[in-house]
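In: A structural model of the following input is requested.
(one chain, ligands or ions: 1)
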Amino acid sequence: MDNADWRRRDLDVLWHPCSQMKDHEDTIPMIPIQRGEGVWLEDFDGNRYIDAISSWWVNLFGHANPHINRRLREQADTLEHVILAGLTHPAATRLAEQLVALTPPGLDRVFYADSGSAAVEVALKMSFHYWRNRGRRKSRFACLSGSYHGETLGALSVSDVGLYRDTYAPLLLEPLVVPSPDAFDRAPGSSWAEHAERRFADMERALAEHHQDLCAVIVEPLVQCAGGMRMYDPVYLERLRKACDHYEVHLIADEIAVGFGRTGTLFACEQAGISPDFMCLSKGLTGGYLPLSAVLTGDEVYQSFYDDYATLKAFLHSHSYTGNALCCAAALAVLELFVASDVLGENRRRAERMRRAVEPLEAHPNVGEIRQTGMILAMEMVGDDRRPYPWQERRGIRVYRHALERGALLRPLGNVVYFMPPYVIGDEEIDRLGEVAISGIEEATGRRL
Ligand SMILES: Cc1ncc(COP(=O)(O)O)c(C=O)c1O
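Out: Numbers count the residues shown, from 1 in each chain. You can find the predicted model right below:
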């Protein structure tokens, strides 16, 4: 069976995520993958692609990682899954112990769920329920413009990417949307930090006006990923932590995409020296192997739920696969890999090489900005008027196709081409990605350097 065979069979029966299926007739080729190894994916015709986006930002230590494979086999031979209500198992306990030890101080309780969106639902419900348990009637949430927190109705409610949200708006909660500190919008000559400080005035005003009704503010710390890899200075999080304390509003840090080293530190919140009231983790948690998420919170929240059953204070939320043993074993293996070598130190060198690989684009008239936070590097294409190209022009798709033909999986977000590769990417592969991104942007903008 070659690519064509699998493509035909697939398109007869499958409905793919985040896709207009009609695109697969002509605009976007469907690539059937037969195996992965390290940063490489291989299709059924023997073509190989560098997974520059870590398969939707989940993969940390490469495909078919021997260490994670071994740990998974061991776990599968022992216990694959058991109900986590009333029963427990060592992998779930050990993982919770380690997450408590690794995350910022004060996060000492772990609640498992099975996807990023489910973790966001848990955090929103827990925050809401906490205030009820404390006798307060709060029912709204605040989020940043351009935010993305997932696709289930609660998570989509606190997301602000119109493409995903607008159709379902009649079904959703109405959050307070506060302008993002995204540095792309800053005034010429002002630094990321100055811009973030200035933008914080909007958040301060929103909190002052609405805090009585606000359960929580939810943010993606440092990088708003699905919103276009929008980045901002940690000072915003410092200010936000203080203001949330002052106004008695929870702070939810959605580190689903940015956690586990993506921004240069193990967790993005560390760069601001803050502990959120809730931290959501997923994606890299299992190194891109299996769907698992976790919400961490502190003892104050936990104690507010701790009571006799009949009081309805308990958090009666569950998913069938909560705390699945295979998922937990994969996550433990990932944490072992962080200990086995200086991953964050080596990533600093990789990040620098990524920056140098695309440096020539600084001079490209249709690249509005190259921005980077740790292992996330984004290049934004703009028209001759320095404004984003209209989304209908689908410039990003041109880069996507161009890259596939040259052995790289780049999946731009609109006009934003980005690298967010697994942490096992080598120098040669980084340089190759740089060349592909440069030639792809040249082709998509119709202008050579
Ligand atoms: C910041 C953030 N939160 C939540 C989610 C949703 O995670 P999932 O796709 O696992 O439901 C995503 C997914 O991209 C994300 O980037």
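In: tell me which helix or strand in this protein has the weakest average pLDDT.
Out: Scoring the helices and strands of the chain by mean pLDDT, DSSP states H and E places helix 23-26 at the bottom, with a mean of 92.
In: what is the mean pLDDT for the next helix or strand after that helix?
Out: Sequence-wise, the next helix or strand downstream of helix 23-26 (DSSP states H and E) is strand 33-37. Average pLDDT, strand 33-37: 98.
In: now do strand 33-37: which elements does it pack against?
Out: Counting contacts by 3 or more C-beta pairs under 8 Å, 6 or more residues apart in numbering; DSSP states H and E, strand 33-37 is packed against strand 40-43. Where C-beta positions appear, they are placed from N, C-alpha and C, glycine not excepted.
In: partners of the strand it packs on, with directions?
Out: According to DSSP bridges, strand 40-43 forms sheet pairs with strand 33-37 (antiparallel), strand 48-51 (antiparallel).
In: got the buried residues for the least confident helix or strand of the chain?
Out: For helix 23-26, burial by neighbour count (16 or more other C-beta atoms under 10 Å) applies to His24.
In: tell me which stretches of the stretch 151-300 of the chain form strands.
Out: Ranges of strands in the stretch 151-300 of the chain, per DSSP state E, counting those that start in this stretch, are 176-178, 214-219, 223-224, 230-231, 250-254, 278-281, 293-297.
In: dump these to CSV, plus distance to the ligand.
Out: Converted to CSV, those look like this (distance: least, C-beta to the nearest ligand atom, whole Å):
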stretch, distance to the ligand
strand 176-178, 16
strand 214-219, 9
strand 223-224, 8
strand 230-231, 12
strand 250-254, 5
strand 278-281, 7
strand 293-297, 7
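In: count of neighbours near whatever residue of the chain ends up closest to the ligand?
Out: Per C-beta to the nearest ligand atom, Gly116 is where the chain lies closest to the ligand, at 2.1 Å. By other C-beta atoms under 10 Å, the residues close to Gly116 number 29.
In: let me see the contact set for it.
Out: His149, Gly150, Ala155, Asp254, Ile256, Ala257, Cys280, Ser282, Lys283, Ser293 (C-beta atoms under 8 Å, 6 or more residues apart in numbering).
In: ok, now Leu11?
Out: For Leu11, the contacting residues are Met21, His24, Met30, by C-beta under 8 Å, 6+ apart.
In: from Met30, how far out is it?
Out: 7 Å (C-beta to C-beta, to the nearest Å).
In: what touches both of those two?
Out: Taking C-beta under 8 Å, 6+ apart as the contact rule, Leu11 and Met30 both touch His24.
In: per-residue pLDDT of the residue of the chain closest to the ligand, please?
Out: Predicted confidence (pLDDT) for Gly116: 98.
In: quick one, phi/psi of it?
Out: For Gly116, the backbone dihedrals (degrees, to the nearest 10) come out as phi -60, psi -50.
In: now do the same for the nearest residue to Glu220 once chain neighbours are set aside: its pLDDT.
Out: Leaving aside its sequence neighbours, Glu220 sits nearest to Asp254 (C-beta to C-beta, 6 or more residues apart in numbering; 5.1 Å). Looking at Asp254, its pLDDT stands at 99.
In: quick one: the helices in the stretch 201-350 of the chain?
Out: Applying DSSP state H, counting those that start in this stretch to the stretch 201-350 of the chain gives helices spanning 235-247, 299-305, 325-340, 343-357.
In: quick one: closest of the strands paired with strand 40-43 to Ser320.
Out: For the strands paired with strand 40-43, the distance to Ser320 is smallest for strand 33-37, at 27.4 Å, taking C-beta to C-beta.
In: what are the buried residues along that closest one?
Out: Within strand 33-37, the residues that count as buried by 16+ other C-beta under 10 Å are Ile33, Gly36.
In: how's the protein carved up into domains?
Out: By the assignment in automatic domain parsing, the chain contains the domains 3-64+342-445, 68-340.
In: out of those, which is the most enclosed?
Out: Counting by mean count of other C-beta atoms under 10 Å, domain 68-340 has the highest mean neighbour count of the domains of the chain, with a mean of 20.
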